[in-house]
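Trainee: Sequence below, structure please.
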Amino acid sequence: MKTINRRTLNQTLASVLDSVLDTGEPVRVEGRDGRAVMIERAKAETTWERWQREGKIRPGRQTSAAEWRSRPKMTLPEGETVESILDEIRGEW
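Mentor: From the prediction side, this is the model:
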């Protein structure tokens, strides 16, 4: 990993950024006070990560077996079967 000081970064910013983008090698930039930052190429954001950032999806939560058993059961309307409902949805009635 390459290390440069702030002055060098200030004078050669474009070439430092191009180098990081081309090679993928990060650059450490140090100040006179000893503090430092890293410049590195960002990884591509996946669709999943973008949806999480935008709040379109959220992590699931664990559900215990007792919670599953306590949920209300779905009942079909009188005289209906699963097959008849699926046929209606498919347009086969």
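
Trainee: Please make it C-alpha for all contacts and neighbour counts, starting now.
Mentor: OK.

Trainee: burial of V27, as a residue count?
Mentor: A total of 20 residues lie near V27 under the criterion other Cα atoms under 10 Å.

Trainee: before we move on, what about the one 3 residues further on?
Mentor: A count of neighbours around E30, defined by other Cα under 10 Å, yields 18.

Trainee: Now do the contacts for it.
Mentor: In this structure, E30 makes contact with T3, I4, N5, R6, A36, V37, judged by Cα atoms under 8 Å, 6 or more residues apart in numbering.

Trainee: Most neighbours among the residues you listed, which one is it?
Mentor: Sorting the contacts of E30 by how many neighbours each has (other Cα under 10 Å) puts R6 first, at 17 neighbours.

Trainee: Looks like it contacts V29 (just checking).
Mentor: Yes - with contact taken as Cα atoms under 8 Å, R6 and V29 are classed as touching, separated by 6.0 Å.

Trainee: sec struct for M38, please.
Mentor: Look at M38: counting by DSSP: H, G, I helix; E, B strand; the rest coil, its state is strand.
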